[in-house]
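K.L.:
next input, structure requested:
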Amino acid sequence: MKIQVRYFASLREALGAGELLEVPDDSTLHGLREWLLQRSARHAEVLARHRPVRCALDQRIRTDDPVLAEGAEVAFFPPVTGG
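P.N.:
Reported below is the predicted structural model:
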């Protein structure tokens, strides 16, 4: 399935504005981040497990691990972002 991933603040500076990705149908938010860690050395550095990164699914901050749906928009950003 295809989803849109967007990056904000310092993550955007490092990875760009975002990317359209093809992911397995049963992907979750946690699984997506783990998959992105394998995508490139830069992704692994910026999204490393020890770094505090917040996540939103379809413009709602999520702390659980929902399964993604076709056309979902996932956003990654640092815990505090400026305006």
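K.L.:
what about the strands in the chain?
P.N.:
Secondary structure of the chain (DSSP state E): strands at 2-7, 18-22, 54-57, 60-61, 73-77.
K.L.:
distance check, residue 20 against residue 36.
P.N.:
13 Å (C-beta to C-beta, to the nearest Å). Bear in mind the C-beta positions are built from the backbone N, C-alpha and C, glycine included.
K.L.:
how about residue 22: what's its closest non-neighbour residue?
P.N.:
Spatial nearest neighbour of residue 22, excluding adjacent residues (C-beta to C-beta, 6 or more residues apart in numbering): residue 2 at 5.7 Å.
K.L.:
so the one you found makes contact with residue 20?
P.N.:
Yes. Counting by C-beta atoms under 8 Å, residue 2 touches residue 20, with 6.1 Å between them.
K.L.:
about what we covered before: need the pLDDT of the residue nearest to residue 22.
P.N.:
pLDDT for residue 2: 98.
K.L.:
neighbours of it, how many?
P.N.:
The local packing of residue 2 (other C-beta atoms under 10 Å) involves 10 other residues.
K.L.:
for it, give me its contacts.
P.N.:
Residues near residue 2 by C-beta atoms under 8 Å, 6 or more residues apart in numbering: 20, 21, 22, 23, 70, 71.
K.L.:
circling back to that earlier point, common neighbours of residue 20 and residue 36, please.
P.N.:
With C-beta under 8 Å, 6+ apart as the test, residue 20 and residue 36 both reach residue 5.
K.L.:
show me which of the two is the more surrounded one.
P.N.:
Legend: neighbour count by other C-beta under 10 Å for residue 20 and residue 36, higher for residue 36 (20 against 8).
K.L.:
surely that one meets residue 48?
P.N.:
No. Look at residue 36 against residue 48 with C-beta under 8 Å: they stay out of range, at 10.6 Å.
K.L.:
quick revisit: would you turn the strands of the chain into JSON lines with distance to residue 32?
P.N.:
Shown next, in JSON lines, are the strands of the chain (distance: least, C-beta to C-beta, whole Å):
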{"stretch": "strand 2-7", "distance to residue 32": "7"}
{"stretch": "strand 18-22", "distance to residue 32": "8"}
{"stretch": "strand 54-57", "distance to residue 32": "9"}
{"stretch": "strand 60-61", "distance to residue 32": "15"}
{"stretch": "strand 73-77", "distance to residue 32": "6"}
